[in-house]
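Undergrad: give me coordinates for this.
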Amino acid sequence: MPLSALDFVLAARQSEIIGLQQLLQMSKLVGAISQLIHVLQRERGTANIYLCSQGSLWGERLKERAHQVQQAVQAVDKQLLALDLAGQPMANASRLFSRIATALHSLSSLPALREQVAAQTIQQPEAMSRYSEVIRTHLALVFEAADTSGDPTVSRALLAMFSFMQGKELAGQERALAAAGFASRHFDHNAHQQLLTLIEGQERCFHTFTEFADEHSLTLWQQQQRADSSELERFRRIACTCTSPSGESNDIALRWFEITTARIDGMKLIEDRLEERLMTCCEQRICEAQRSGARQQQEIEQLPQQDSHYAALIPPQLSRSVLELIEQQSRQLQAQDAELAALRATLADRKLVERAKGLLMQHHGMSEPQAHKTLRDMAMKQNKKLAEIAEAMLSVAAVMSKSAS
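TA: All right, here's what the predicted structure looks like:
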């Protein structure tokens with residue numbers, strides 16, 4: 001018996017449900033990665049204070065932080081094992097799995113790094129850079145997960161969460177850089193510029209977050225902003241403008257660290273809310289798709305027998321009831337496609353910028369904030385969008401790579 005138009009209507013709905021179930025599993029992975037990044041940021045902060053104090057502070061916390069990271073890694077591993085690597089194909093699976101491989105490989109660098117920190121055989125900037133690289137690979141995995149989503153509601157939730165996580169990571173880098181400056185009681189011009197870039201980067205990420213976040217998460221963020229102490233801004237002004245701040249170095253560094261840690265811990269609560277929102281979106285969309293599929297199945301079963309089967313080419317006499325089912329599904333898909341197109345444009349621009357930053361970091365030894373500042377300055381000078389500069393840079397790099405080979 002030939003397949004009918006209705007067979008493909010039901011197959012389309014079933015495919016949608018499978019895709020949403022995969023997104024739910026990816027969202028659980030994103031939640032586990034969120035926790036892993038948070039404890040990695042804690043370990044980086046502890047190592048930072050330990051190195052800045054020449055080993056006199058927080059040495060006893062290093063093993064505890066490493067243990068917390070290991071527990072979070074196990075939670076991520078559990079979610080990775082739940083992924084179906086050989087079954088139903090996922091959207092952009094090759095890029096996603098490549099990101100996972102990179103993130104897992106980055107974790108293998110931590111034992112040696114911890115030994116160097118404990119023995120104080122590594123300089124503070126290098127240790128912070130290596131911790132930040134591990135965190136960056138995991139953030140890139142969250143970004144790739146957002147790109148796999150074919151559902152607008154889930155895509156918005158993923159973009160909100162990724163943008164917030166990225167802003168929180170820049171806040172962690174600001175905490176580390178300024179703590180080192182306060183501990184040494186010295187900020188040079190380069191440190192001033194890096195701090196300003198990190199602050200500007202946070203504002204940029206949190207602005208993107210506000211574009212895609214739900215109302216409850218926005219309310220929590222507004223409360224967090226009001227809770228940020230005036231002392232934070234005072235310390236920021238000192239770090240961004242003074243060359244040699246006064247006071248006891250360890251006391252100032254620890255107070256700065258305490259203030260910024262309270263801010264970052266507050267951000268984690270919002271991040272947890274965004275994770276909860278992401279899960280809820282996935283579960284609600286699965287339920288909606290299942291209910292819609294059940295209604296379609298019921299409507300099809302109630303059709304007269306002669307309306308149930310059609311050849312591959314739909315004949316002109318196709319009944320109105322069948323056409324209504326097909327057109328209803330088409331309208332829903334068109335509405336999703338329109339919203340997804342706007343979201344994917346945002347993702348595409350972000351992806352170009354991230355790739356261009358990676359190029360600058362790899363070949364010119366820049367930090368992520370420095371790479372972003374370089375792209376931003378080029379965009380301002382040429383009066384172009386950041387994504388246009390990134391795309392041009394990647395095109396030149398591709399040509400150069402072909403010429404070299």
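Undergrad: what ranges do the helices span in the stretch 201-350 of the chain?
TA: Remark: helices assigned in the stretch 201-350 of the chain by DSSP state H, counting those that start in this stretch are 215-227, 230-241, 249-301, 320-364.
Undergrad: now do the second one against helix 249-301, angle only.
TA: For helix 230-241 against helix 249-301, the angle by axes from the mean of the first three to the mean of the last three C-alpha atoms, to 10 degrees is 110 degrees.
Undergrad: which outside residues touch helix 230-241?
TA: Applying C-beta atoms under 8 Å, 6 or more residues apart in numbering, the external contacts of helix 230-241 come out as 178, 181-182, 187, 191-192, 195-196, 199, 245, 255-256, 259-260, 263. C-beta coordinates here come from the backbone N, C-alpha and C atoms, glycine included.
Undergrad: please identify the helix or strand for residue 70.
TA: In the assignment (DSSP states H and E), residue 70 maps to helix 62-81.
Undergrad: what number of residues lie near residue 150?
TA: Neighbour count for residue 150, taken as other C-beta atoms under 10 Å: 18.
Undergrad: for it, grab phi and psi.
TA: Per-residue torsions, residue 150: phi -110, psi 10 (degrees, to the nearest 10).
Undergrad: from residue 47, how far off is it?
TA: 40 Å (C-beta to C-beta, to the nearest Å).
Undergrad: next: residue 257.
TA: Distance from residue 257 to residue 47, counting by C-beta to C-beta: 12 Å.
Undergrad: ok, for residue 352, nearest residue in space, not its chain neighbours?
TA: Residue nearest to residue 352 in three dimensions, not counting chain neighbours: residue 390, with 4.1 Å by C-beta to C-beta, 6 or more residues apart in numbering.
Undergrad: to what extent is that neighbour buried, counted in neighbours?
TA: For residue 390, using other C-beta under 10 Å, the count is 25.
Undergrad: so for whichever strand or helix holds residue 127, mean pLDDT?
TA: Per DSSP H and E, residue 127 falls inside helix 124-148. Averaging pLDDT along helix 124-148 yields 90.
Undergrad: with adjacent residues omitted, what lies nearest to residue 19?
TA: residue 150 is the one closest to residue 19 (C-beta to C-beta, 6+ apart), at 5.6 Å.
Undergrad: sketch out the low-pLDDT regions of the stretch 1-150 of the chain for me.
TA: Within the stretch 1-150 of the chain, the segments meeting pLDDT under 70 span 1-6, 9, 85-92.
Undergrad: go with 90
TA: Applying pLDDT under 90 to the stretch 1-150 of the chain flags residues 1-26, 82-99, 140-150.
Undergrad: ok, the stretch 251-400 of the chain next?
TA: 251-252, 285, 288-400.
Undergrad: what are the buried residues along the next helix or strand after the helix holding residue 70?
TA: Later in the chain than helix 62-81, the nearest helix or strand by DSSP H and E is helix 93-107. Under the neighbour-count criterion of 16 or more other C-beta atoms under 10 Å, helix 93-107 has 96, 99, 100, 103, 104, 106, 107 buried.
Undergrad: how about CSV for these, with distance to residue 282 added?
TA: Shown next, in CSV, are the buried residues of helix 93-107 (distance: C-beta to C-beta, whole Å):
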residue, distance to residue 282
96, 16
99, 20
100, 19
103, 21
104, 24
106, 27
107, 26
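Undergrad: of those, closest to residue 208?
TA: The nearest member of those to residue 208, counting by C-beta to C-beta, is residue 99 at 20.1 Å.
Undergrad: who are the contact partners of the residue nearest in space to the middle of the chain?
TA: In the chain, the centroid-proximal residue (C-alpha atoms, centre = their mean) is residue 162; its distance is 3.0 Å. Shown in contact with residue 162 (C-beta under 8 Å, 6+ apart): 139, 142, 143, 146.
Undergrad: out of those, who's nearest residue 367?
TA: Nearest to residue 367 among the contacts of residue 162, counting by C-beta to C-beta, is residue 139 at 14.2 Å.
Undergrad: how many neighbours does that closest one have?
TA: Per other C-beta under 10 Å, the neighbour tally for residue 139 reads 21.
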